[in-house]
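S.K.: fold the following for me, if possible:
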Amino acid sequence: MRLRIKTFGGRLERISVEDNSTLGDLQKQVAGVFPELGPDDVKLSLNKKVEVDGAAQDLLRTAGICGGDTLWILSSVLDEKESSQSDRHSHTTSASNGLQSSQLFSQAAGQQSSQAAEQQTSQQVSAPIEEMQEAHKPDMQQLEQAQQTPDITISSAPDLLQRVLDSCTTALQSSHQLLLLTLHAVLLETGMQLTCQDEMYALPDEALAKCSSVRQLQYCLQRRQLEPSCEVKYISLGAGMACIAASFDGSRITTLNVSLEQHLQLLQTGCSSEEAVSLFKDLEQLWTELKDKLALKMLAGLRQSAGLSPPLGLLALPAELKTKILSSLQAKDLSAVECCCTELRHTAGSNLFWQPLFQQEFGFVTSYATIQAGRLGWQGVFTQKWVERYIYS
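M.R.: From the prediction side, this is the model:
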């Protein structure tokens, strides 16, 4: 891998090291490039402030160093020598100019013109690279916050749930309304739709009525006629419990009891659809429970009644099996799976898969990467780091 070694005095050196090199190997090589330093004086940093953490026998990947990185030398010895050399050079130049200013004026003017042209050309070439490096430097204030709270996670709603929430024209008044909307989004993702609505994502106003304790909805297969259909009854059992029953032709397919307190923060006042996503305690667990224990059984019953074959393929598998399969894929294959459909885009984009892939590909997970994951997700951090390595290596 190729690395850039830079001093605070502006000196830049490029070195190449083996992929399996250790931190001690890198320090020895840097000491060879900078004779002023001994191996024990070489202290490297990725952000100009904090020294790279690791023992001499640790691999560079373990220390968070990848190809294309710029490493800064933290050394007071080198800074003092560069400063003294700069002062001596400045003093010598001033004395020489004082003694021979009349003789060297025209020559100096020509040299300054040539140097200015060369400097302008160099700046034009290096400006894009410097801008990209500056854009990806870690914010030290955020880095300190990440060191205090290293476990930062994000929770994003599936695309269909976000569309269902956006279709609500009024504020949500109870947790039962939010759970019913989540159930509707799960059924849409599984391949069903309401029989009485022209709009796919919106629920009827009577189904969202706050005073109703029993709500009934009819679902059928998407892109088919109204028959066969499956009736879903949502029964509110107090503020913290709900019973969901699905039946077809009077025969019950399945019943599911859901604890609202386990999955949601109970609503005391109304909230908008944008605020509703923050009320989920564990959206992934709730989504999996509704999908595996209710929606897939409804889908199998409807397809059987319509004379169709049972649902097959990856999407019909329980969440545990899907997770097991997707966790065995590499980054390129996992990204390809995301292109298949909405459900797989949300499932395969989970931090559950991308955080281990990031650690496998780039080594040690730094606090700065954790900060970025809180904003972009681990897939976004993986992509950003991969692009940086591709550009600078």
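
S.K.: contacts for stretch 240-249, please.
M.R.: Contacts with stretch 240-249, where a contact means CB atoms under 8 Å, 6 or more residues apart in numbering, come from 176, 179, 183, 228-237, 252-261, 266, 290, 294, 297-298, 301-302, 305. The way it works is simple: take the backbone N, C-alpha and C, and place the C-beta from them, glycine included.

S.K.: restricted to helices, list those residues.
M.R.: His176, Leu179, Leu183, Leu260, Glu261, Leu290, Lys297, Met298, Gly301, Leu302, Ser305 (DSSP state H).

S.K.: all helices of this protein, in order?
M.R.: 23-33, 76-135, 140-148, 159-166, 175-190, 260-263, 273-276, 283-290, 296-305, 319-326, 331-338, 342-348, 351-362, 367-392.

S.K.: what's the mean pLDDT across the longest one?
M.R.: Per-residue pLDDT over helix 76-135 has a mean of 50.

S.K.: could you number the chain from 20 rather than 1 from now on?
M.R.: New numbering, starting at 20: the last item is helix 95-154.

S.K.: if we can go back for a sec, buried ones among the contacts of stretch 259-268?
M.R.: Among the contacts of stretch 259-268, those scoring as buried are 195, 198, 202, 247-251, 253-255, 272, 275, 277, 279, 309, 313, 316-317, 320-321 (criterion: 16 or more other CB atoms under 10 Å).

S.K.: run through this structure and note the low-pLDDT ranges.
M.R.: Along the chain, the model assigns pLDDT under 70 to residues 95-176, 216, 229-231, 243-245, 269, 271, 287, 412.

S.K.: ok, 50 please
M.R.: Along the chain, segments meeting pLDDT under 50 span 105-106, 108-125, 127, 140, 144-148, 151-159, 161-174.

S.K.: sorry, back to before: quick check, nearest of the ones in helices among the contacts of stretch 259-268 to Asp88?
M.R.: Closest approach between the ones in helices among the contacts of stretch 259-268 and Asp88, by CB to CB: Leu309, at 44.7 Å.

S.K.: roughly how far apart are the closest one and Gly83?
M.R.: Using CB to CB, to the nearest Å, Leu309 is found at 40 Å from Gly83.

S.K.: same check, this time on Leu93
M.R.: 16 Å.

S.K.: what of Ala265?
M.R.: 50 Å.

S.K.: these two - which one has more neighbours?
M.R.: Ala265 (22 against 19; other CB atoms under 10 Å).

S.K.: the nearest residue to Trp397 once chain neighbours are set aside: neighbour count?
M.R.: Nearest residue to Trp397, sequence neighbours excluded (CB to CB, 6 or more residues apart in numbering): Trp373, at 3.7 Å. Counted by other CB under 10 Å, the residues lying close to Trp373 total 22.

S.K.: same thing with Leu315?
M.R.: What Leu315 shows, counting by other CB under 10 Å, is a neighbour count of 20.

S.K.: pull the contacting residues for it.
M.R.: Thr209, Pro330, Ala335, Pro337.
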